[in-house]
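>>> sequence-free structure coming up:
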């Protein structure tokens, strides 16, 4: 009899071990769904203008991010009047050159790249096939390469920029790479491989394809804003020289390297992961404090999802189930009206509730199991 009870206890314990994570995942997904529903209701009832835009002063950009975020959580909302109006607004930004941006915009790469993400997700009936093909040609034409009269030895080579500065940067290059991936380009695509050259040069890592003067000045495996035009980091200069790495750009760099075909055991990927483990944080954008915090959360989630990381061990060996931790953190920061906003820093438009709510919803979409 005792042997029977012991066997039954072991069986129950085994079943509990299998079921408990499933129940935990289910509870987390339910929390995310409730939070996302509140965020979407905010955008629907308080965030959208009569012309269908979300923060229309940004051209197609924030509207496209909001559409993408909503459809990530509710694919069936494609026929919702809110989405139809937003798509009509984005369509009003289609340009003769194939770009998707406001007339006179100095952010043509950024606007077109995020618009592509939204249109690909909304393209269930093929209505945007022609538009997306033209937008792809337009984007590839913006890339800094031989068409701009530069060689592969130039630190600007392969990158993409806003257009208002005469140099590319990693943030815009990351959006550019995302758009090419959304359009179905494989890692061996010529434009993606050119972009990889720029990404690698934005990493504080000696050798491994990085031939910039900054490569071994910091050498911590993290990423900074741009190696072009003498180099720049939004986090400033490192002590003793060099350009400081920071969180959001490191996650952008990691994601971009993976999308361009680098494997998990590539030294550049390993170095980026080492920086991430040493600077794991949900309280700040490492190296930048509260600036760009929700951009950081979105990039953090998308990069770790792309890297197939479920649990991240930090520098002390503490395991972090990042999906659960990030989801709970974001849910705790949601405002009573369903929105999110960066109360500590309005830099990079993070005082804009529509933009920040889109970032939060996108981040939550990668936290679902």
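Sure thing, it's come through. Remember, it's a predicted structure, so these values are computed and weren't measured experimentally.

>>> quick one, strands of this protein?
312-313, 319-320 (DSSP state E).

>>> as TSV, those strands with mean neighbour count, mean pLDDT and distance to residue 43 would be great.
No exception for glycine: its C-beta is placed from N, CA and C like everyone else's. Putting the strands of the chain into TSV (neighbours: other CB atoms under 10 Å; pLDDT from 0 to 100; distance: least, CB to CB, whole Å) gives the following:
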stretch	mean neighbour count	mean pLDDT	distance to residue 43
strand 312-313	14	97	30
strand 319-320	14	98	30
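
>>> want to throw those strands into a markdown table with distance to residue 242?
Output for the strands of the chain, formatted as a markdown table (distance: least, CB to CB, whole Å):
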| stretch | distance to residue 242 |
| --- | --- |
| strand 312-313 | 26 |
| strand 319-320 | 28 |
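
>>> which regions of the protein lie under the pLDDT threshold?
1-24, 163-165 (pLDDT under 70).

>>> show me how the record splits it into domains.
36-142, 282-369 (automatic domain parsing).

>>> who's in contact with the closest residue to residue 71 other than its chain neighbours?
In space, not counting the residues next to it along the chain, residue 71 is nearest to residue 121; the distance is 4.7 Å by CB to CB, 6 or more residues apart in numbering. Each residue near residue 121 by CB atoms under 8 Å, 6 or more residues apart in numbering is listed here: 67, 68, 71, 72, 75.

>>> for burial, what's the neighbour tally of residue 329?
14 (other CB atoms under 10 Å).

>>> equivalent analysis for residue 49, please.
For residue 49, the number of neighbouring residues by other CB under 10 Å comes to 14.

>>> in this structure it contacts residue 56, no?
Yes: contact criterion CB atoms under 8 Å: residue 49 and residue 56 qualify, at 5.8 Å.

>>> can you give me phi and psi for the nearest residue to residue 243 once chain neighbours are set aside?
Leaving aside its chain neighbours, residue 243 sits nearest to residue 233 (3.8 Å; criterion: CB to CB, 6+ apart). Note on residue 233: backbone dihedrals following degrees, to the nearest 10 are phi -120, psi 130.

>>> pretty sure residue 233 contacts residue 222?
No: using CB under 8 Å, residue 233 is not in contact with residue 222, being 9.7 Å away.

>>> what's the overlap in contacts for the two?
With CB under 8 Å, 6+ apart, residue 233 and residue 222 have common neighbours 245, 246.

>>> those two - which one has more neighbours?
Between residue 233 and residue 222, residue 222 has the larger neighbour count (other CB under 10 Å), namely 31 against 26.

>>> now that one. Nearest residue, chain neighbours left out?
residue 245 (2.4 Å).

>>> ok, that neighbour - contacts?
So residue 245 contacts 204, 218, 220, 221, 222, 223, 224, 233, 235, 275, 287 (CB under 8 Å, 6+ apart).

>>> tell me the contacts of the residue lying closest to residue 199 once chain neighbours are set aside?
Residue nearest to residue 199 in three dimensions, not counting chain neighbours: residue 256, with 4.7 Å by CB to CB, 6+ apart. Counting by CB under 8 Å, 6+ apart, residue 256 touches 170, 173, 174, 177, 195, 196, 199.

>>> and the gap between the closest residue to the first one other than its chain neighbours and residue 196?
Beyond its immediate neighbours in the sequence, the residue positioned closest to residue 170 (CB to CB, 6+ apart) is residue 202, lying 4.5 Å away. From residue 202 across to residue 196, the span is 11 Å (CB to CB, to the nearest Å).

>>> more neighbours: which of the two?
Counted by other CB under 10 Å, residue 202 and residue 196 do not tie: residue 202 has more neighbours, with 34 against 22.

>>> does that one touch residue 249 like I think?
Yes: look at residue 202 against residue 249 with CB under 8 Å: they come within range, at 7.2 Å.

>>> and for these two, which residues touch both?
170, 223, 224, 225.

>>> which one (most neighbours) among these?
residue 223 leads the shared contacts of residue 202 and residue 249 on contacts (other CB under 10 Å) with 32 neighbours.

>>> which non-adjacent residue is nearest that one?
Per CB to CB, 6+ apart, closest to residue 223 is residue 253, 3.6 Å.

>>> enumerate every residue touching that neighbour.
170, 174, 199, 202, 203, 222, 223, 272.

>>> mind redoing it with 6 Å?
Going by CB atoms under 6 Å, 6 or more residues apart in numbering, residue 253 touches 199, 203, 223, 272.

>>> do the same with residue 258
Neighbour list for residue 258: 306, 307 [criterion: CB under 6 Å, 6+ apart].

>>> roughly how far apart are the closest residue to residue 268 other than its chain neighbours and residue 278?
Among residues not flanking residue 268 along the chain, residue 208 sits closest, at 5.2 Å (CB to CB, 6+ apart). From residue 208 across to residue 278, the span is 19 Å (CB to CB).

>>> now residue 136
37 Å.

>>> cool, residue 293 as well?
19 Å.

>>> give me the more crowded residue out of the two.
The neighbour count for residue 293 versus residue 278, taken as other CB under 10 Å, is higher for residue 293 (26 against 14).

>>> do you have the helices of the stretch 101-250 of the chain handy? List them.
For the stretch 101-250 of the chain, applying DSSP state H, counting those that start in this stretch gives helices covering 108-122, 129-142, 170-182, 190-201, 247-259.

>>> all set now, cheers.
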